[in-house]
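Visitor: Build me a model from this:
(2 chains)
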Amino acid sequence: MASAEHRKVLVIGSGPVKIGEAAEFDYSTSQALRALREEGFESVVLNSNVATVQTSHEMADKVYLLPVTPYFVEKVIQKERPWGILVGFGGQSALNIGVELGKRGVFSKYDVNVLGTGLTGIETALSREIFRETMKQHNIPIPKSASARSREVAISAAESIGYPVMMRVSFNLGGRGSAVLWNEKELIAEIDRAFAQSSVGEVLLEKYLHGWKEIEYEVVRDHIGNCVVTACIENLDPMGVHTGDSVAVTPAQTLDNYEFQQMRSVAIRVAEAIGLVGECNVQFALSPDSYEFYVIETNPRMSRSSALASKATGYPLAYVSAKLALKHMLYEIKNSISKSTTAFFEPSLDYITIKMPKWNMSKFDFVTNSVGTEMKSIGEIMSIGRNLEEAMQKAVRMLDINGEDGLVGGSVYSSAINRKDIEAALRGKRPYWFLYAAKAFKDGFSVEEVYALTQVDRFFLKKIKELVDVYEGREGKDQYLRLNALVFSDKQLGVEKQKSMAIKQIDTLAGEWPATTNYLYTTGAGGEDDINTDTGKKKLLVLGAGVFRIGVSVEFDYGAVALVRIAKRYFDEVSILNCNPETVSTDWDRVDKLYFDELTEETITSIHNKERFDSIATFTAGQIGNNLSVALEKRGIKLFGTTARNIDSAENRDSFSKLLERLDIKQANWISASSFNDIKAFIERFGFPVIIRPSYVISGSAMKIANNMEELNSYLGAATKLSRKHPTVISSFISEGTETELDCASDGRNVIGVPLCHVEEAGVHSGDATMMTPYLDGGSMSRMKEIALSLANELDIKGPFNIQFIVKNNEVLVIELNLRASRSMPFSSKAAGISLMGHAVEGIMNKFEWNGFREPEHHAFAVKSSQFSWGQLKGAYPFLGPEMRSTGESAAFGRTFGSALVKSWLGAQPNTIPKKGVLVYGDIDRGILKDAADSLARNMEVMTLDFAPMHNHHTIDAKKALQFMNSKTIDMVITNSDMRGLDYNIRRHAVDMNIPLVLNARLGRALADSMFSSELDCAEMREYWSDGMEGTEKVLQ
Amino acid sequence: MGESAAYIYLEDGTVLCGESFGSSSVKTGELVFTTAMNGYPESLSDPSYKGQIMIMTHPLIGNYGVPEKISQEGILHNFESEGIQVEGLIVSELTRSSKWNGKLDLGEWLDREGIPGVQGIDTRMLTKKVRDNGVMKCIVSTKGAIDDPRKALGEDYNSINFVERASPKKPIVHDSGKGNIVVVDCGVKHGILRGLSSRGYNVVRVPYDFSADRIRSFEPLGVVYSNGPGNPNLLAKTAESMRELSEYRIPMMGICLGHQIAGLAFGGTVRKMKFGHRAVNKAVVDSITKKAYITTHNHGFAMLREDVPEEGVVWFMSPDDNVVEGMMYEKRNVITTQFHPEARPGTNDADFIFSMFDNMIKKDRGSAYG
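Guide: Numbers count the residues shown, from 1 in each chain, chains lettered A, B, ... in the order given. Down below sits the predicted model:
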């Protein structure tokens, strides 16, 4: 055990949000940090993901905003000399680093204890080959399989196993590189990409168990071998669909006692075989028509499914695992929900949960629009109900898919697609298969027919069919009671209907023990509330951001968590409503009450009717919040902060532009178009390019730049579909401008704000842009401050807000105003060393103690970079535009802009500093690209392409470029704009081979100028907030 | 709800209305709940539930139907007895099966066995009532409303000997191996029989009130006092036979009710619990090795730490409350568990208890023959 003076533990985070590694690791790391604090340990967290809750001093004693790479982890170990390290809480990224540093002898060199499951056990689980052998030794059933490290071995292995085979990749995440292969030709086409995804160049080929069910067990084990299995998750999608993309039900619904227990016992044996200390997930394939089953794999760490299982059962797996890593025994830890029993138990659920994934496929051109072995979903939700239909209906609404207000009756259900289209959608595993299944049953498909197309267990298909039958009035039962229990929304029913709803508690023990739990959900299938809501307390409800999608991610959760913490000073009871199991905000230990439920007007209103909140905060709920504000205020609910009327004035392009005119604030020329003639007239006057922007959107959904009439016509159709209630706004697009932002908080008169400046030119969505602070143009900055004060006063802004500007020729133009927490708020807060959310709450409560505009002092540079998930989205064409496509962000500080930029950029995967050669090419901004190429050429070979040649640089053709990428002669690509007709294969190959790809000339030049000359200093966050910069270690690259 | 209405009457005056399934009948019993999320064919056929009406706390029950019986030498592999033992079943929602081995739907099975069922009930609300008020008498009617439920609800259940109803009238032999193990059958679960037969023994089930001499007439290598329903304090004869047999140091095992009978036989006391332990997710901790196991419990009576006989050693404890979950009586060669090592439904974690008993027998035979 650690001595009293040496109780310090380093926790490795998972880096930026990417497909396959999202906010669930903020949840797990945050719980681990809480457990460490409880045990009296000093905690140090290393993570480049600035938007997380874990990278704040409220959670960790020390925060290193650095890339999650072996190099930087070692630097921090060298500096901090921790007693122990936790590598099981930051996803696959952290785990891989643990294995790597173990191999390099770093832990023994610095005398660091690896806490929890040992590195040998981790490697057993992660290496497909070692895992296979270990399972065989322990007589654990696995499918026929063989591992391969070369193309030849793979071909002969697949031959002997027999097609179809499933190809899996060692040491990877999100199923990247995996595939179901039906013949040798497919194997040859996929194998190189698969090898490239494995950090050890190893794949496993196994018999593909077509149509088998996929079942997951969550096993917890302490160091003396006590084991519990806390959850069993049943995936509705069969084998062949990544579990991250599967619809999943907890607890398992179709297993009888025998098979449930057989697999449970095997799951425990798997945990024993890898020497688990903490938690692991064991995946099984189960035959749909016999008791036969196989172990598929195990993840010896916190995972997406462990976050889901924690929320589904009320058993805090990450917290318990952290305690187990510190050598506690399971029955010594209290059940944090019931508080009267211990953590050595297996939760019993008296409700059903469903997890459904959220996809954003329409944002990605050419992406394979089908669900398979590689995870593609961006977010997920979990619904809770007392019957399956209720849970499914709620789940669909939580996904916030336009036009779908439940499992039945929505856009797909009412569409005119024919039998063939339905079959194609189901067989082709189109996202949201369940909507097509409901449509199929509406149109007369039988359960057997849908089963043949989907291999989803008939039990669930029958339930969908029953729901359709009720909705279509095919059942003669008492309609009212049925409708109530199956929670049809008003929108589905087409009328506002009085429905009864009960508030139930999640207590882990199905009501067996009295529990004072605050973890709640609502149900239409219940007669009695578990709690008394009439308490006379001063209550605030905070809305979470719901399902994550491109543009709404962990940064909003950071805001919600900060808001809850600070609002407790002013309210007796702060509750949260959210439905995203990946989040920290849904950690019931942080709030007075957690409502795990729908973020819909109907549900919020029905909870409010019982709770009578004093006010509801919508500004941490992303776009959902803004969309709800008006509706809630109309129902007489008081919003926390700016009024809905004023939010509406900012969100509605039309009224906002008029307001700017009135305040004499410059903006681009614009028109609110209600007819095509309006648009024509506008273009005749101001010309192209124009930007098409529907109201009430986040992340630039359907936002497009049109350079000519043809593009305009093609985009208009898509955009107008998105927002029926609001007109489409067309404005002049200002090219070549610098985009800047202010992240602010106000009390209605005074403002505190942090300026941000984009590296990329205007036209790249702010969510995809590289941002830096401070902003050094004093003239523009003073105009930005004036505008912020003027808008805050005019709209009586109370709380957080963000303004986006374009600065061109010393003129400051406003692009938009967002009266909510912004995506960049965690970054700007941490960069400036302040809590903007804290100021926002103080602003709302009229506690500001200064006048005018306050800008925090800066002592260092901070840069935020974007994480893209192109590699995971097979076929998608990588490029940047006004629509957001990145999935996450990383950030870093530095004493120079270059240092901060390089570290920030390295924090996103798969970025590395090139060692051999860089391919630079592009059709616009060629001067900037040439600068980048010239700069790079001082350090390495630079190549360019024959269709965009560049003076003084070696020109190659596309074929050669692909070959050089294969041989890693090219290990970085810098390009810009959209050249899909010429370079689709090059960009695609770069991301498929994990080669860093820079998609903007300005960013390329900035990196080229800094990569080889910047000091990559490693300092704790606080050190950048003061002049001293004490203890900064200068590391020469 | 018209014809399909079902009624639930409780001792405290509560009346609930739901939707009926199963047979059309009126049954009275003690209202209990189980938090097991699956394994309903095993639970419903467990003789320890005799005289009880069961609430299942998981909201969907029936999802995988009811399989065909599989048996070997008369010992069932997938049921705990030949038929349903509970008096009635209350669930939130009854579902239908789509599983490959679901021979009957649960509703059909109840109908065939003459057992009434009620669905459409807020089972969490009802469970909390039992938890807060303790077990209650209950009537389930699927034959319409009842005029005077108080009469049936007035009966004193603690004085009814349910074991008499669950125990066989004469010995039953399962010829499954070599050497006899006598099971004093107070309503034994077939899981226990299988735990013994799978280790190569003949299993002889005898009535609960057989004397020690009659038990000894089978020349048992070991004796098991089984699980069973109701109040152990009514089973003086059974306790007497156990005490007498222990004088001969025949290896003995007590399970659930058998554990309580041993406690009574060797000088301890057994008391009624407020609402019992009925679940498959219960922790027990081995007081000696500190290892913990997830086990199946089904008991409304218990020995607390202060109730145990002086000569015994507490073997297992529940870490959640003060209930003694296992005892060792070394001098008498007796081991007992309050939990069910055969589980069914439940985990396989405690199967090793049968192996321990097997070893006790082997050791005993070693000393006898060696």
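
Visitor: alpha carbons only for contacts and neighbour counts from here, please
Guide: OK.

Visitor: Go ahead and confirm A:T944 touches A:H951.
Guide: No. The pair A:T944 / A:H951 is not scored as a contact, 9.3 Å apart, by CA atoms under 8 Å.

Visitor: What residues does residue 315 make contact with?
Guide: Since no chain was named, I'll use chain A. Residues in contact with A:Y315 (CA atoms under 8 Å, 6 or more residues apart in numbering or on different chains) are A:T230, A:A309, A:N335, A:S336, A:I337, A:A343, A:P347, A:T508.

Visitor: Sorry, I should have been clearer: chain B.
Guide: Contacts of B:W315 by CA under 8 Å, 6+ apart are B:D286, B:S287, B:I288, B:V324, B:E325, B:G326, B:M327, B:M328.

Visitor: doesn't it fall inside a strand?
Guide: Yes. Judged by DSSP: H, G, I helix; E, B strand; the rest coil, B:W315 forms part of a strand.

Visitor: so who does the spatially most central residue of chain B touch?
Guide: By CA atoms, centre = their mean, the mean C-alpha position of chain B lies nearest to B:S48, the distance being 3.3 Å. Counting by CA under 8 Å, 6+ apart, B:S48 touches B:Q85, B:G187, B:V188, B:N227, B:G228, B:P229, B:G230, B:N298.

Visitor: Please repeat the previous calculation with a cut-off of 7 Å.
Guide: Going by CA atoms under 7 Å, 6 or more residues apart in numbering or on different chains, B:S48 touches B:G187, B:N227, B:G228, B:P229.

Visitor: Output the set of residues of chain B in proximity to chain A.
Guide: B:35-39, B:57-60, B:63-64, B:97-98, B:100, B:122, B:124-125, B:127-128, B:131, B:281-283, B:291-292, B:294, B:320, B:345-348 (CA under 7 Å from any CA of the partner chain).

Visitor: Give me the buried subset of the contacts of B:W315.
Guide: With burial judged by 16 or more other CA atoms under 10 Å in any protein chain shown, the buried subset of those is B:D286, B:V324, B:E325, B:G326, B:M327, B:M328.

Visitor: Please identify which of those is nearest to chain A.
Guide: Chain A lies nearest to B:D286 out of the buried ones among the contacts of B:W315, by CA to the nearest CA, at 11.1 Å.

Visitor: all helices of the stretch 51-200 of chain B, in order?
Guide: B:106-113, B:123-133, B:149-153, B:162-166, B:190-197 (DSSP state H, counting those that start in this stretch).

Visitor: Which strand or helix spans A:A231?
Guide: Per DSSP states H and E: A:A231 is located in strand A:227-235.

Visitor: The next helix or strand after that strand pairs with which strands, and in what direction?
Guide: Using DSSP H and E, the helix or strand that follows strand A:227-235 in sequence is strand A:248-250. Here strand A:248-250 has these sheet partners by DSSP bridges: strand A:227-235 (antiparallel), strand A:352-358 (antiparallel).

Visitor: average model confidence for strand A:248-250?
Guide: Across strand A:248-250, the average pLDDT comes to 98.

Visitor: got it, and stretch A:913-927?
Guide: The model assigns stretch A:913-927 a mean pLDDT of 95.

Visitor: Could you do stretch A:398-412 as well?
Guide: The average pLDDT within stretch A:398-412 is 95.

Visitor: Run the chain-centre distance for it.
Guide: Centroid separation for stretch A:398-412 versus its chain: 21 Å, with CA atoms, centre = their mean, to the nearest Å.

Visitor: picking that back up, pick the most buried one from the helices of the stretch 51-200 of chain B.
Guide: helix B:190-197 (a mean of 23; mean count of other CA atoms under 10 Å in any protein chain shown).

Visitor: partners of the helix or strand following that helix, with directions?
Guide: Remark: after helix B:190-197, the chain's next helix or strand is strand B:202-207, criterion DSSP H and E. Paired with strand B:202-207 in the same sheet, following DSSP bridges, are strand B:172-174 (antiparallel), strand B:180-185 (parallel).

Visitor: Please work out the average pLDDT along the shortest one.
Guide: This means strand B:172-174. Averaged over strand B:172-174, pLDDT sits at 97.

Visitor: In strands only, show me the contacts of B:S48.
Guide: Assignment to strands by DSSP state E places none of those there.

Visitor: As JSON lines, these with distance to A:I401 would be great.
Guide: JSON lines is the format used below for those (distance: CA to CA, whole Å):
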{"residue": "B:G187", "distance to A:I401": "55"}
{"residue": "B:N227", "distance to A:I401": "54"}
{"residue": "B:G228", "distance to A:I401": "54"}
{"residue": "B:P229", "distance to A:I401": "53"}
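
Visitor: mean pLDDT for the helices of the stretch 51-200 of chain B: which is lowest?
Guide: helix B:149-153 (a mean of 86).

Visitor: Okay, the closest residue to B:M37 other than its chain neighbours and A:R193: tell me how far apart.
Guide: Take B:M37 and drop its neighbours on the chain: the residue closest to it by CA to CA, 6 or more residues apart in numbering or on different chains is B:H58, 5.4 Å away. Relative to A:R193, B:H58 is positioned 45 Å away (CA to CA, to the nearest Å).

Visitor: ok, these two, which is more surrounded?
Guide: B:H58 (25 against 20; other CA atoms under 10 Å in any protein chain shown).

Visitor: hang on, that one packs against A:I352?
Guide: No. Contact between B:H58 and A:I352 fails when scored by CA atoms under 7 Å: they sit 8.4 Å apart.

Visitor: ok, now how distant is A:A515 from A:D530?
Guide: To A:D530, A:A515 is 10 Å away according to CA to CA.

Visitor: ditto for B:R199
Guide: B:R199 is 48 Å from A:D530, where distance means CA to CA.

Visitor: B:D307 - how many residues pack around it?
Guide: 17.

Visitor: Point out the residues in chain A that sit beside chain B.
Guide: Residues of chain A lying close to chain B (CA under 7 Å from any CA) are A:226, A:253-254, A:256-257, A:261, A:265, A:289, A:341-342, A:344-346, A:348-351, A:386-387, A:458-459, A:510-512, A:526-528.

Visitor: neighbours of the residue nearest to A:I928 when sequence neighbours are not counted, just the number please.
Guide: Spatial nearest neighbour of A:I928, chain neighbours left out: A:A1001 (5.9 Å); criterion: CA to CA, 6+ apart. Each residue near A:A1001 was counted by other CA under 10 Å, and the total is 28.

Visitor: I'd guessed A:A1001 sits against A:D931; true?
Guide: No. Using CA under 7 Å, A:A1001 is not in contact with A:D931; the gap is 9.2 Å.
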